[in-house]
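# Requesting a structural model of the entry that follows:
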Amino acid sequence: AALDDSDNTFPDRQDLFVVIIAAKSASNHPDMLAAVMRWAAKWIGDATNPPDPEGFAEYAKEQRHTITPRGAMKAGTLFQKLGTDGRNLTSFGQEGHDRVHFSQGLLIEASAEFVAGFVPADYVIDGSLRQGYVYTYTSPTGHGKTAVTLAIAYAIVSGGSLGHVEVKHGRVLYLAGENPDDVRPRWKAHCERSGIDPQTLSIDFAPGAFAIREHLDILAQRYRNCPLTLIVCDTLAAYYDGDDENSNAQRMEFARDVLRRLTELPGRPCVIALAHPVARAARDNLVPKGGSSLLNEVDGNLAGWIKGDVIEVHWQGKFRGAFPEPLKFKVEGYESDTMLDSRGRRMPTVLARPLLASEEIRESDNARRTEDDALRAIHQNPDVSVRGLGDTIGKSKSHAGNIRKTLIERKWVEQRARKLFLTSEGKEVIGVK
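Next up is the predicted model:
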């Protein structure tokens, strides 16, 4: 609307292009653009008294327009600079006429200018997670979400890696909203096991849930001089501030207006929000509660699944960019004399560490042998129970149940009348008729 009436609102062509440049730096969204125009109209023609950079942020807030603190400061500062410098931009307007156009509030860029805006990917985990991106990490309870993200955080702040995969070293903010009393001993164990003083690591923890959207300005101020590389939100359910946990629309809004805003903190951190899957989710359906509405607002979804003592983390549902290779972590118990209960007994905790390439080969060989043993046990005794199968192959009942399910999914075993039988493919695997 401001542009349609530009002859009256902006009497000087120079003023109009000052506004266009500043608006472009703030946002290309039509509503936001209109807000910039209306605000600019308040002082156009009085370049001797331009507004301060914070002014636009306050105006946008009053008008209930969405703009990042960084974008507001950038736009406000540019208004101030161009207004006080009194630069003559008429020539810019003429030269740029064929590449900068506004039509019904939209910015149109020619091919060369559009391509010039390319920004190289800045990976936090090489080849997969990027800075400035939001990811959900979905897995069922007990499948190691916290263990894996603590291992990632430790690699980033300690100068390590995830096996053969490099990570970007920097500062981490861990929002331990769901169970800080569980996170605390695990992090202590990471430091003890490596012999590193926790005070030397650039990581901050926020124990307990809080309203993130109400503290974004505080977080921006806190990390103004120490930019972040990664933010972990543990968990999405703990920080979700909607009044209906089953509302897909509210979950989408939370991802857009809260999680996405975290990436705009100093350093443009990568954000990983740990999420619970839909009810009774199988391994091939590990998407966060909230469905496609939530997925549409994030840049990717990681899916974690534990098999035995190995957690495999891969993408599922959505992933912007080249699809990464799976990451694998080994689950290990840890206890020490520095972590005791009220009766002086050691308190065991669980950690995850990156699986080494040599271990991955060995794990694969072990898994293959275990599956072969299970096939032989089923072939010899079609009536074998899950517990009996576990006893035969030397595994727990739950582990044996997972192996049995895997064999059925591969169509090596079929169930008929409560009995298990090897298929022709299954017999071929172990060389029986």
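
# Between its first and last residues, how far does stretch 114-124 reach?
One end of stretch 114-124 sits 26 Å from the other (C-alpha to C-alpha, to the nearest Å).

# which parts of stretch 391-399 are buried?
Neighbour counts over stretch 391-399 (16 or more other C-beta atoms under 10 Å) mark 392-393, 395, 399 as buried. For every residue, glycine as well, the C-beta is placed using N, CA and C.

# any idea which of these is closest to Phe205?
His399 (33.2 Å; C-beta to C-beta).

# Correct me if wrong: the closest one contacts Leu389.
No: the pair His399 and Leu389 fails to qualify as a contact (C-beta atoms under 8 Å) at a distance of 9.7 Å.

# Contacts for the top strand by length along the chain, please.
In the chain, taking DSSP state E as the definition, the longest strand is strand 310-319. Strand 310-319 is contacted by residues 137-138, 143-144, 147-148, 284, 286-287, 295, 298-305, 323-324, 326-331, 352, 355, 363 when judged by C-beta atoms under 8 Å, 6 or more residues apart in numbering.

# For the buried ones among those, write the corresponding PyMOL selection.
Filtering the contacts of strand 310-319 down to the buried ones (16+ other C-beta under 10 Å) takes a single PyMOL command:
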select buried, resi 137+138+143+144+147+148+286+287+295+298+299+300+301+302+303+304+305+324+327+328+329+330+331+352+355+363
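
# Which ones among the contacts of strand 310-319 map onto strands?
The strands, defined by DSSP E, take in 137-138, 300-305, 327-331, 352 from the contacts of strand 310-319.

# Quick check, pLDDT for Asn402.
Listed pLDDT for Asn402 reads 85.

# Let me know the next secondary structure element after the helix or strand hosting it.
Element membership for Asn402 (DSSP states H and E) is helix 397-409. Sequence order places strand 413-416 as the next helix or strand after helix 397-409, per DSSP H and E.

# The helix or strand that that next one is followed by pairs with which strands?
Following strand 413-416 in sequence order, the next helix or strand is strand 419-422 (DSSP H and E). According to DSSP bridges, strand 419-422 forms sheet pairs with strand 413-416 (antiparallel).

# picking that back up, return the closest of the buried residues of stretch 391-399 with respect to Val172.
Nearest member of the buried residues of stretch 391-399 to Val172, counting by C-beta to C-beta, is His399, at 33.0 Å.

# wait, what's in contact with that closest one?
Neighbouring residues of His399 by C-beta under 8 Å, 6+ apart: 308, 390.

# got it, and Ala121?
So Ala121 contacts 130, 321 (C-beta under 8 Å, 6+ apart).

# where does it land in three-state SS?
Under the three-state scheme (DSSP: H, G, I helix; E, B strand; the rest coil), Ala121 adopts coil.

# if I look at it, how far off is Lys168?
The gap separating Ala121 from Lys168 is 11 Å, by C-beta to C-beta, to the nearest Å.

# likewise Gly290?
28 Å.

# Neighbour count: these two, which is higher?
Higher neighbour count among Gly290 and Lys168: Gly290, with 27 against 17, using other C-beta atoms under 10 Å.

# Was I right to think the more buried one contacts Ala249?
No: contact between Gly290 and Ala249 fails when scored by C-beta under 8 Å: they sit 9.3 Å apart.

# where does the stretch 251-400 of the chain have low pLDDT?
Filtered on pLDDT under 70, the stretch 251-400 of the chain yields no residues whatsoever.

# residue boundaries of the helices in it?
For the stretch 251-400 of the chain, helices defined by DSSP state H, counting those that start in this stretch occupy the ranges 260-262, 291-295, 357-380, 386-393, 397-409.

# As TSV, those with distance to Val271 would be great.
Listed next are the helices of the stretch 251-400 of the chain as TSV, based on distance: least, C-beta to C-beta, whole Å:
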stretch	distance to Val271
helix 260-262	5
helix 291-295	14
helix 357-380	28
helix 386-393	40
helix 397-409	31
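
# winner for burial among these?
Highest mean neighbour count of these: helix 260-262, a mean of 20 (counted as mean count of other C-beta atoms under 10 Å).

# who are the neighbours of that one, in terms of helices and strands?
Packing partners of helix 260-262 (3 or more C-beta pairs under 8 Å, 6 or more residues apart in numbering; DSSP states H and E): helix 216-222.

# so how far is the helix it packs on from its chain's centroid?
20 Å (C-alpha atoms, centre = their mean, to the nearest Å).

# Which residues does it contact?
69, 173, 261-262, 265-266.

# quick revisit: and of the buried residues of stretch 391-399, the nearest to Pro348?
For the buried residues of stretch 391-399, the residue nearest Pro348 by C-beta to C-beta is His399; the value is 19.2 Å.

# I'd like the distance from that closest one to Ser336, if you could.
Distance, His399 to Ser336, using C-beta to C-beta: 27 Å.

# got it, and Lys405?
Using C-beta to C-beta, we find Lys405 at a distance of 36 Å from Ser336.

# Next: Glu414.
According to C-beta to C-beta, Glu414 and Ser336 sit 48 Å apart.

# Kindly report the same for Ser358.
According to C-beta to C-beta, Ser358 and Ser336 sit 27 Å apart.

# now Val287
For Val287, the distance to Ser336 equals 38 Å [C-beta to C-beta].

# same thing with Ala255?
To Ser336, Ala255 is 39 Å away according to C-beta to C-beta.
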